[in-house]
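Asker: give the three-dimensional model of this entry:
(chains A and B)
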Amino acid sequence: MRHAAAALITLATAVALSWAACAQSAPDKREPDLPPLAKQCGETSAREMALPNSARALAKDKKLKIMAIGASSASILGGMREGHPPLLEQLLERMVAGLDVEIINRGVSGELAGDAAKRLKVEVALNQPDVVLWQVGTNDAFAQVPVEDFQETVGEMVRWLRQHNVDVILVGLHYMKSLVKDVHYQAMRASLQHIANAENVPRIGRYEAMEVIARTMRESGRRDPGDFGSTEAAYDCMAQYVARAIAVGLFAKLPKP
Amino acid sequence: MRRTPNAVDFWRGYALITIFINHIPGIYFERLTHRNLSFSDSAELFVFLAGWSLGYLVGGNDAPKSTTRLMLRLGARAFQIYAAQILISSIAIAILATTAYLTDNQLILEWHNAAAVFLDPALTHIGLVLLTHQLGYFDILPLYVVLMVIAPLIALIYRFARPLLLPLSLAIYLAALIVPITVPTWPVPGQWFFNPFAWQLIFVLGFALSRDDGVGGFVQRHINVIRLVALPILVLGTVVVVFSLFPDPTLFPEPKLLFLNGKTFLTPVRLLHFLALAAVVSITYPYIARSVPWLVAFLSVLGRNSLNVFCVGSVLSLLGQVVRYLYSGSFGVDTAFVVAGIALLWLTAWVSEWRQQQTGA
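Answerer: Okay, here's the model as predicted:
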């Protein structure tokens, strides 16, 4: 019975994360042979889209400068263990042979999109990253920032980054069971999805993935993992999602104009 | 004895209220604070006036306090601020934990750099005590602690090598921006939001300008001319801020921090605009004092008890965020909270002065 439940969870997780991925373009045949995600993280989670500026950096000197910004950036770099580089850095260097990854964490926990956007321009000028990981939306939803303001701020900043030859990966809102019926929270989620689609940038669908995992676990009689989003294991999953999005993006084909 | 209302306490009271409001992101009234018209915000004003207050502690040139007494007093003040930081950080952590528990939303635990407190409590508590881990919006008092720790040095240099004070401070500031020099955080890698190497300059400037000699004396003698020079700088900066005309930061030459608009390093554009603002707006105080004396008395009582009011304000700001989250912030909720919050700030100041009277302090 326990094995059946585990199999059910794994299957549902894989399906959920594949659905969450919502791939916009077919992966390139040259994409790296990616190792499987940890079991609890599912199969895949990122929209597979080209990261042309990062690919250029890779081709030029095999170096990739990643900047993390936004609320709780540690959660997208993987659990921080004393004396070790962030998990994201370790994973990427393992996935892409010879790649030298530098991670600059400029996240300010709890920061709203508007404040992050102001700092981001300065940080880009100072650090010249190839790709920005922007975890955004959750705190704006909690602070009741109007959806239109949020969409304008994030959309404008994404366009600015792309104009300045910086790739962007948006990391979506967290999942919490208590927020499923929160109208503003759900509107904020939809808004971020809209921005990702309109600006053609990858979005890590954290909410969708975690939602299905939680539901599956509940249905199989296991404890509701209400705290999944806050555990170090979840952070490590996020690092794996992001690593795959970048690794795939480095080798993906650019969409035809 | 209680100080009578004055410009320094008045503006400090104003800074305390705007910090309280600005630290509730998304609240309606944040669009009414001066940061929407200026490169700088209330943090610059607060630290500048802290430097100015150091001038009071050091005493006048005609009757200087003994060096030993001054060192002891400044050391005690630094410890008092440090203790306040530890207290309000602990309360903030408890507020986040309580809110997460009661709302069944553990994402609240990740607010304001608090995630590490709950995920890695052993190391993070060491960091909190060492001030190498700071919660978001609870990061200005650590700067204040550092400034109070170096305050005796500032006072000594002023007493025994006066011409060196500003050049030395300016040199440290420029080095911080050009190298750049930062203060790292731990255990979560990062840097202090308020870089003390940069922010010490505005503190020293506040101190120097409070004096009747040197730069302070020069400014006092030529304040009208200075205001004429400052006015176009102020207007130009405000136009740039309001209409978002600041140049693309990636186009600036190296060292970029000399040209960028950044709060962490208190970049020159912020500092210059703040000084222009202070020079011009300082002219209004006598008129305000004559026209609305109750407002001056009200804000001055907050300013006289700035540490207590700041601490209560910081905690209230966090509670304000919780209230906005729980009750889907609206104009009515925002107004009720701000009015109640300001009343509590006044009550804090009143109780502080009442207590001082009781103890004869």
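Asker: separation between B:Gly341 and chain A?
Answerer: Shown here: B:Gly341 relative to chain A, a distance of 16 Å by Cβ to the nearest Cβ, to the nearest Å. Just so you know, the C-beta spots here come from the backbone N, C-alpha and C atoms, and that holds for glycine as well.
Asker: next, count neighbours for that residue.
Answerer: B:Gly341: 21 surrounding residues under other Cβ atoms under 10 Å in any protein chain shown.
Asker: now it, nearest residue through space, not along the chain?
Answerer: Of all residues not flanking B:Gly341 in the chain, B:Leu316 sits nearest, at 4.7 Å (Cβ to Cβ, 6 or more residues apart in numbering or on different chains).
Asker: what does B:Asp139 give?
Answerer: B:Phe193 (4.5 Å).
Asker: just to check, the one you found is in contact with B:Gln134?
Answerer: Yes - here B:Phe193 reaches B:Gln134: they are 7.0 Å apart, a contact under Cβ atoms under 8 Å.
Asker: so between the two, which is more surrounded?
Answerer: Using other Cβ under 10 Å, the more surrounded residue of B:Phe193 and B:Gln134 is B:Gln134, with 24 against 20.
Asker: can I take it that that one is in a helix?
Answerer: No - using DSSP: H, G, I helix; E, B strand; the rest coil, the assignment for B:Gln134 is coil, not a helix.
Asker: and the closest residue to it other than its chain neighbours, what element?
Answerer: Of all residues not flanking B:Gln134 in the chain, B:Pro142 sits nearest, at 5.7 Å (Cβ to Cβ, 6+ apart). Element membership for B:Pro142 (DSSP states H and E) is helix B:140-160.
Asker: could I get the buried residue list for that helix?
Answerer: Residues of helix B:140-160 classed as buried by neighbour count (16 or more other Cβ atoms under 10 Å in any protein chain shown): B:140-152, B:154-155, B:157-158.
Asker: same thing with stretch B:2-15?
Answerer: By 16+ other Cβ under 10 Å, the buried positions in stretch B:2-15 come out as B:5, B:7-15.
Asker: could you point out the helix or strand that follows the helix of greatest length in chain B?
Answerer: What stands out as the longest helix in chain B, according to DSSP state H, is helix B:67-103. Downstream of helix B:67-103, the first helix or strand assigned by DSSP H and E is helix B:115-119.
Asker: any chance you could map the strands in chain B?
Answerer: Per DSSP state E, chain B carries strands over the ranges B:184-185, B:190-191.
Asker: and what of the stretch 51-200 of chain A?
Answerer: For the stretch 51-200 of chain A, the strands defined by DSSP state E, counting those that start in this stretch cover A:63-70, A:100-105, A:131-135, A:167-171.
Asker: my guess is the residue nearest to B:Gln134 meets B:Trp192, correct?
Answerer: Yes - with contact taken as Cβ under 8 Å, B:Pro142 and B:Trp192 are classed as touching, separated by 6.9 Å.
Asker: shared neighbours, those two?
Answerer: B:Gln134 (Cβ atoms under 8 Å, 6 or more residues apart in numbering or on different chains).
Asker: quick revisit: gap between the residue nearest to B:Asp139 and A:Val136?
Answerer: To A:Val136, B:Phe193 is 19 Å away according to Cβ to Cβ, to the nearest Å.
Asker: next one, pLDDT for the residue of chain B positioned farthest from its centre please.
Answerer: Largest separation from the mean C-alpha position in chain B: B:Asp104, at 34.2 Å (Cα atoms, centre = their mean). Listed pLDDT for B:Asp104 reads 83.
Asker: spatially nearest residue to it (excluding sequence neighbours)?
Answerer: Closest to B:Asp104 by Cβ to Cβ, 6+ apart is A:Ser178, at 4.8 Å.
Asker: for that neighbour, the count of nearby residues, please.
Answerer: A:Ser178 is flanked by 13 other residues according to other Cβ under 10 Å.
Asker: cool, and B:Pro247?
Answerer: Using other Cβ under 10 Å, B:Pro247 has 11 other residues around it.
Asker: for the stretch 151-300 of chain B, what spans make up the helices?
Answerer: Assigned by DSSP state H, counting those that start in this stretch, the stretch 151-300 of chain B shows helices spanning B:165-178, B:196-210, B:214-221, B:223-242, B:268-281, B:285-291, B:293-304.
Asker: which stretch among the strands of chain B is buried most, on average?
Answerer: Of the strands of chain B, the one with the most neighbours on average (mean count of other Cβ atoms under 10 Å in any protein chain shown) is strand B:190-191, at a mean of 19.
Asker: near chain A, which residues of the stretch 1-150 of chain B show up?
Answerer: Listed as neighbours of chain A in the stretch 1-150 of chain B under the rule Cβ under 8 Å from any Cβ of the partner chain: B:25-26, B:103-116, B:118-120, B:123, B:136-137.
Asker: filter those to the buried ones?
Answerer: By 16+ other Cβ under 10 Å, the residues of the stretch 1-150 of chain B next to chain A give B:25-26, B:103, B:105-116, B:118-120, B:123, B:136-137 as buried.
Asker: what parts of the stretch 101-250 of chain A come near chain B?
Answerer: With Cβ under 8 Å from any Cβ as the criterion, the stretch 101-250 of chain A meets chain B at residues A:105-112, A:115, A:119, A:121-122, A:124-126, A:128, A:138-140, A:142-145, A:164, A:174, A:176-179, A:184, A:226-227, A:229-232.
Asker: again, only using 7 Å
Answerer: Residues of the stretch 101-250 of chain A found near chain B (Cβ under 7 Å from any Cβ of the partner chain) are A:105, A:108-112, A:121-122, A:124-126, A:138, A:142-145, A:164, A:174, A:176, A:178-179, A:184, A:226-227, A:229-230, A:232.
Asker: just the buried ones from these, in ChimeraX syntax?
Answerer: ChimeraX command restricting these to the buried ones, with burial defined by 16+ other Cβ under 10 Å:
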select /A:105,108,109,110,111,112,121,122,124,125,126,138,142,143,144,145,164,174,176,179,184,226,227,229,230,232
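Asker: please work out how many residues are found near B:Leu236.
Answerer: The tally of other residues near B:Leu236 (other Cβ under 10 Å) stands at 13.
Asker: list the contacts for it?
Answerer: Residues counted as contacts of B:Leu236 (Cβ atoms under 7 Å, 6 or more residues apart in numbering or on different chains): none.
Asker: and if we set it to 10 Å?
Answerer: Contact analysis of B:Leu236 by Cβ atoms under 10 Å, 6 or more residues apart in numbering or on different chains lists B:245, B:273, B:276.
Asker: circling back to that earlier point, tell me the most buried of the helices of the stretch 151-300 of chain B?
Answerer: Comparing the helices of the stretch 151-300 of chain B by mean neighbour count (mean count of other Cβ under 10 Å), helix B:196-210 ranks first with a mean of 24.
Asker: between that one and helix B:140-160, how many degrees?
Answerer: Angle of helix B:196-210 versus helix B:140-160, following axes from the mean of the first three to the mean of the last three Cα atoms, to 10 degrees, is 50 degrees.
Asker: which pLDDT does the model give B:Leu57?
Answerer: On pLDDT, B:Leu57 comes in at 85.
Asker: one more: the one 10 residues further on?
Answerer: Among the per-residue scores, B:Thr67 shows a pLDDT of 85.
Asker: from B:His23, how far out is it?
Answerer: Distance, B:Thr67 to B:His23, by Cβ to Cβ: 37 Å.
Asker: ok, these two, which is more surrounded?
Answerer: Between B:Thr67 and B:His23, counted using other Cβ under 10 Å, B:His23 has the larger neighbour count: 22 against 13.
Asker: do you know how far the more buried one is from B:Asp139?
Answerer: For B:His23, the distance to B:Asp139 - Cβ to Cβ - is 11 Å.
Asker: any shared contact partners between these two?
Answerer: Shared contacts of B:His23 and B:Asp139, defined by Cβ under 10 Å, 6+ apart, comprise B:His112.
Asker: which non-adjacent residue is nearest the closest residue to chain A within the stretch 251-361 of chain B?
Answerer: The stretch 251-361 of chain B approaches chain A most closely through B:Gly329 (3.9 Å), counting by Cβ to the nearest Cβ. Distances taken as Cβ to Cβ, 6+ apart place A:Gln144 nearest to B:Gly329, at 3.9 Å, with adjacent residues excluded.
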